[in-house]
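Engineer: quick one: sequence and predicted model below, then my questions.
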Amino acid sequence: MGLAANGSASDKPLKFLIYGRTGWIGGLLGKLCQAQGIDFAYGAGRLENRNSLENDIATLRPTHIFNAAGVTGRPNVDWCESHKVETIRTNVVGTLTLADVCREKGLILINYATGCIFEYDNDHPLGSGVGFKEEDVPNFIGSFYSKTKAMVEDLLNNYENVCTLRVRMPISSDLSNPRNFITKITRYEKVVDIPNSMTILDELLPISIEMAKKNLTGIYNFTNPGVVSHNEILEMYREYMDPNFTWKNFTLEEQAKVIVAPRSNNELDATKLKQEFPELLSIKESLIKNVFKPNQKTSAT
């Protein structure tokens, strides 16, 4: 198959083939490649169409493939509850097809997945600091979106050429982006207040490029170490962005009345990622350094 061994440098210059041109992560990846001078192209093929993927690879001859395509639903994952076949087609059939084509061609696939496949339980109680590890079996199937993602992760784990990155509640320094977790919760009428693991894209996406360079495979909890609650984030928002900002909380029971599918709340153990990248900041440090300080309004001191 010709897969490079972990950590070995390939003789070929890097060329990344990225799926998910119109997505948030896919767009940011392209900008990072441009900034780093890495040759890249976006795939034209549809994930569920094997021939189109093979054509992309034959034409573009990449060294690594990144999958940032997938259905999360608009305006949120509730969409997946009423569009199950469309969700399966992209998130299950498409992702598996891409992984299979990559394996056949001897290519590593960096797959941006989700960590929203767990929920706090007796062995991982809220506030305990005990996070779910990479090898733990998903225990959250409250939403159809999460259910399909858990199935795919289990199947992909049989592919030795795949690096699965469990992203959670992604945040970036672009506070105008409606997909940004901070932007979402500042616009909600009411928010729940639960500590969660989250992913600061400004810090973690460059790490995913380094992971490709190292030819890492397997599952990684792709979050900053530690947890942060909704209220803690909104307190930072008030401190750095808008001293007059206010918000209201409501309970999970009250939230359940206004959403179709339950939401995942959990802590992921980021030890494995931190061992590989010791410079990785804790979630609260990363929020301040990468998100709030760059956006800080000079008047809000």
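Structural biologist: Yes, it's here.

Engineer: every contact and neighbour count from this point should use C-alpha atoms.
Structural biologist: Noted.

Engineer: which pLDDT does the model give residue 4?
Structural biologist: Predicted confidence (pLDDT) for residue 4: 45.

Engineer: what sits against residue 245?
Structural biologist: 237-238 (CA atoms under 8 Å, 6 or more residues apart in numbering).

Engineer: would you verify that it is located in a strand?
Structural biologist: No - applying DSSP: H, G, I helix; E, B strand; the rest coil, one finds residue 245 to be coil, outside a strand.

Engineer: pop out the phi and psi values for it.
Structural biologist: Backbone geometry at residue 245, expressed as degrees, to the nearest 10, gives phi -70, psi 140.

Engineer: go on, residue 42?
Structural biologist: Backbone dihedrals for residue 42, given as degrees, to the nearest 10, come out at phi -90, psi 140.

Engineer: now do the SS call for residue 184.
Structural biologist: Each residue gets one of three states, and residue 184 gets helix by three-state DSSP.

Engineer: mind showing which ranges of the protein have poor pLDDT?
Structural biologist: Counting by pLDDT under 70, the chain shows low-confidence ranges at 1-11, 73-75, 256, 258-262, 298-301.

Engineer: for the most centrally placed residue in it, what are its contacts?
Structural biologist: Taking CA atoms, centre = their mean as the criterion, residue 167 is the residue nearest the geometric centre of the chain, at 2.6 Å. For residue 167, the contacting residues are 112-115, 198-199, 221-223, by CA under 8 Å, 6+ apart.

Engineer: now, those that are in strands?
Structural biologist: Counting by DSSP state E, the members of the contacts of residue 167 that fall within strands are 112-114, 221.

Engineer: show me where the protein has strands.
Structural biologist: According to DSSP E, the strands that the chain contains are 15-19, 39-42, 64-67, 108-114, 162-167, 218-221.

Engineer: want to throw these into JSON lines with distance to residue 176?
Structural biologist: Formatted as JSON lines, the strands of the chain follow (distance: least, CA to CA, whole Å):
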{"stretch": "strand 15-19", "distance to residue 176": "23"}
{"stretch": "strand 39-42", "distance to residue 176": "24"}
{"stretch": "strand 64-67", "distance to residue 176": "24"}
{"stretch": "strand 108-114", "distance to residue 176": "22"}
{"stretch": "strand 162-167", "distance to residue 176": "20"}
{"stretch": "strand 218-221", "distance to residue 176": "26"}
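
Engineer: which one of those strands lies closest to residue 57?
Structural biologist: Distances from residue 57 to each of those were compared using CA to CA; the shortest belongs to strand 15-19, at 8.0 Å.

Engineer: contacts for that closest one, please.
Structural biologist: Contacts of strand 15-19 from elsewhere in the structure, counted by CA under 8 Å, 6+ apart, are 26, 30, 38-44, 57, 60-69.

Engineer: stretch 26-37 too?
Structural biologist: Residues contacting stretch 26-37 (CA under 8 Å, 6+ apart): 18-21, 39-40, 67-69, 205-206.

Engineer: one more: stretch 67-74?
Structural biologist: For stretch 67-74, with CA under 8 Å, 6+ apart as the criterion, the contacting residues are 18-21, 23, 25-26, 79-80, 87, 90-91, 95, 109-112, 145.

Engineer: separate out the buried members of these.
Structural biologist: 18-21, 25-26, 79-80, 87, 90-91, 95, 109-112, 145 (16 or more other CA atoms under 10 Å).

Engineer: buried ones in stretch 278-288?
Structural biologist: The neighbour-count check on stretch 278-288 (16+ other CA under 10 Å) flags 280-284, 286-288 as buried.

Engineer: for stretch 189-197, give the distance from the opening residue to the closing one.
Structural biologist: Separation of the first and last residues of stretch 189-197 by CA to CA, to the nearest Å is 23 Å.

Engineer: and that stretch, how far out from the chain middle?
Structural biologist: Mean C-alpha position of stretch 189-197 versus that of the full chain (CA atoms, centre = their mean, to the nearest Å) differs by 18 Å.

Engineer: how about it: buried residues?
Structural biologist: For stretch 189-197, the neighbour count (16+ other CA under 10 Å) marks 191-197 as buried.

Engineer: tell me which of those is nearest to residue 217?
Structural biologist: Distance to residue 217 across these (CA to CA) is lowest for residue 197, with 21.7 Å.

Engineer: quick one: the residue nearest to the centre of the chain from residue 149, how far?
Structural biologist: Distance of residue 167 to residue 149, given as CA to CA: 12 Å.

Engineer: many thanks, I have nothing further to ask.
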